[in-house]
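Student: I need the structure of the sequence given here:
(one chain, ligands or ions: 2)
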Amino acid sequence: MTTLLVTGGAGFIGTNFIRHMLKTRPDWRIVNLDVLTYAGNAANLDDMARQMPERYCFVRGDINDSHRVMDLLRNERPWAVVHFAAESHVDRSILGPLAFVETNVTGTARLLIACRQVWEESGRPADFRFVHVSTDEVYGSLGPEGYFTETTAYDPSSPYSASKAASDHLVRAWHCTYGFPAMVTNCSNNYGPYQFPEKLIPLMILNILEEKPLPVYGDGANVRDWLYVVDHCEALATVLEKGAPGQTYNIGGGAERRNIDVVQQLCSLLDDRLDRRGDRRSQRLIRFVTDRPGHDRRYAIDAAKIQHELGWRPRFRFEEALADTVDWYLANGPWVDFVRSGDYRRWIETNYGPDGTRAAQTVKEHPTT
Ligand code: NAD
Ligand code: DAU
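Tutor: Numbering: from 1, shown residues only. Ligands and ions are numbered 1, 2, ... in the order given. Next up, the predicted model:
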């Protein structure tokens with residue numbers, strides 16, 4: 001059986017990736033290394049652990065714990081590593097950047113050191129692969145025209161995107177300097193099941209459901225290029241199996257939408273399902289609130305390289321997959337309740353203020369966070 005090591009597999013995309021790979025690659029075994037921050041939930045994969053204990057294994061551990069990672073690599077001998085583990089929320093990076101440096105930069109460096117050492121000890125197997133899952137945010141902000149290609153200069157705006165940019169450079173340096181067979185993927189905004197409700201789409205779904213204010217940053221005209229998470233998982237599988245070491249692949253869905261349009265679409269999807277009409281329609285909940293500092297205006301991916309060289313294409317249409325996502329959140333109340341326990345309420349109050357509109361929000365940082 002082929003063993004794959006996934007880091008950060010208890011988070012949103014990692015969970016979807018593991019589920020997808022266990023379903024589509026029957027002779028693969030997956031080891032999921034995740035430290036379980038607020039964003040990680042091992043229970044996302046409990047059914048897999050129960051149904052196929054010989055094919056799925058969860059290990060609680062930190063990518064910064066080099067001894068732990070080396071032991072795992074020596075015992076499991078994975079043919080590849082797919083690295084998702086990260087701090088991933090831009091707003092949190094604005095309020096507390098150091099965790100982003102520690103996980104995304106130092107954590108990735110430590111993981112690379114450990115993986116390379118075990119790869120060297122094993123005689124540098126030619127088919128070993130390391131896939132670093134990164135973001136289009138490293139390229140900064142676009143004006144109304146143009147797209148990010150793999151050669152667009154890096155120009156990150158937030159502590160999150162700066163930390164991901166640094167990690168991308170480290171991964172490329174490991175390939176150039178040591179010949180380590182690593183690849184980088186830069187993907188646009190994902191949506192779908194299991195996304196932590198601090199991100200735009202699940203946050204809005206749950207606020208609409210509970211008739212809370214819908215906080216749209218700035219004028220709501222910022223544009224994101226949305227990709228259904230299953231399409232992202234298929235792209236990552238394609239890069240893993242067909243990509244060339246040292247290469248970078250942009251991944252995007254070609255579904256550019258303004259934030260305000262996404263929020264309005266969610267309002268109407270939920271109004272249909274909840275039978276809200278007239279003056280009960282959810283659009284009444286929309287509030288334009290204090291903008292995110294350094295807020296990138298537009299992201300748009302040129303995915304021609306992965307399409308032409310590796311043959312990947314997105315399969316899901318935004319409108320249909322968004323409706324499926326709404327239905328998933330409606331059908332999974334216990335999951336929502338579970339992930340919103342813990343420090344979730346504190347985060348919502350810190351980022352949005354007591355009335356949910358960021359009226360009193362100030363950007364203040366504790367010097368050690
Ligand atoms: P997420 O925040 O939902 O999950 C991150 C996971 O990493 C969590 O399970 C967390 O417990 C784990 N983790 C954090 N620190 C760790 C550590 N030190 N050791 C081990 N595990 C740790 O994130 P996501 O949205 O699933 O994103 C996954 C990856 O994809 C990230 O690297 C992110 O930068 C990238 N990405 C995300 C998107 C998106 O739209 N969400 C788009 C492009 C790229
Ligand atoms: O582009 C890929 C990136 O997409 C990933 O690398 C990040 O991990 C992921 O979080 C996401 O980053 P964004 O900052 O684009 O996602 P977020 O869901 O936080 O915000 C999407 C847009 O919606 C952005 O323009 C900010 C806006 N927004 C967000 C929130 C949470 C609001 O207007 N109101 C909100 O309450």
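
Student: and the stretch 1-150 of the chain, which residues reach ligand 2?
Tutor: By the rule CB under 6 Å from any ligand atom, the part of the stretch 1-150 of the chain lying against ligand 2 is Ser88, His89, Val90, Thr135, Asp136, Glu137. The C-beta positions use only the backbone N, C-alpha and C, and glycine is treated the same way.

Student: ok, now with 5 Å
Tutor: Within the stretch 1-150 of the chain, the positions adjacent to ligand 2 are Ser88, Val90, Thr135, Asp136, Glu137 by CB under 5 Å from any ligand atom.

Student: The residue nearest to Ser157 when sequence neighbours are not counted and ligand 2, how far apart?
Tutor: Excluding its sequence neighbours, the residue lying closest to Ser157 (CB to CB, 6 or more residues apart in numbering) is Gly294, at 4.4 Å. Using CB to the nearest ligand atom, to the nearest Å, Gly294 is found at 11 Å from ligand 2.

Student: Then Arg110?
Tutor: Distance of Arg110 to ligand 2, given as CB to the nearest ligand atom: 21 Å.

Student: what residues are up against that residue?
Tutor: Ile63, Asn64, Ser66, Val69 (CB atoms under 8 Å, 6 or more residues apart in numbering).

Student: Of these, just say which sits nearest to ligand 2.
Tutor: Nearest to ligand 2 among the contacts of Arg110: Ile63, at 16.7 Å, using CB to the nearest ligand atom.

Student: How many neighbouring residues does that closest one have?
Tutor: 25 (other CB atoms under 10 Å).

Student: Then Ala162?
Tutor: When neighbours are counted by other CB under 10 Å, Ala162 registers 21.

Student: Please identify which helix or strand holds it.
Tutor: helix 159-178 (DSSP states H and E).

Student: and that helix, what does it pack onto?
Tutor: Applying 3 or more CB pairs under 8 Å, 6 or more residues apart in numbering; DSSP states H and E, we find helix 159-178 packed against helix 90-95, helix 98-100, helix 108-121, strand 129-135, strand 182-187.

Student: 10 Å instead?
Tutor: Judged by 3 or more CB pairs under 10 Å, 6 or more residues apart in numbering; DSSP states H and E, the packing partners of helix 159-178 are helix 90-95, helix 98-100, helix 108-121, strand 129-135, strand 182-187, strand 248-251.

Student: can you list the residues of the stretch 1-150 of the chain next to ligand 2 in CSV and add neighbour count and distance to Lys164?
Tutor: Output for those, formatted as CSV (neighbours: other CB atoms under 10 Å; distance: CB to CB, whole Å):
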residue, neighbour count, distance to Lys164
Ser88, 23, 9
Val90, 22, 10
Thr135, 24, 5
Asp136, 27, 10
Glu137, 24, 7
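
Student: Can you check which of the helices and strands packed on helix 159-178 gets nearest to Asp302?
Tutor: When the helices and strands packed on helix 159-178 are compared by CB to CB, strand 248-251 sits nearest Asp302, at 6.3 Å.

Student: From the structure, what's the count of residues near the nearest residue to Gly40 once chain neighbours are set aside?
Tutor: Nearest residue to Gly40 in three dimensions, chain neighbours excluded: Ala10, at 3.7 Å (CB to CB, 6+ apart). Neighbours of Ala10 under the rule other CB under 10 Å: 26.
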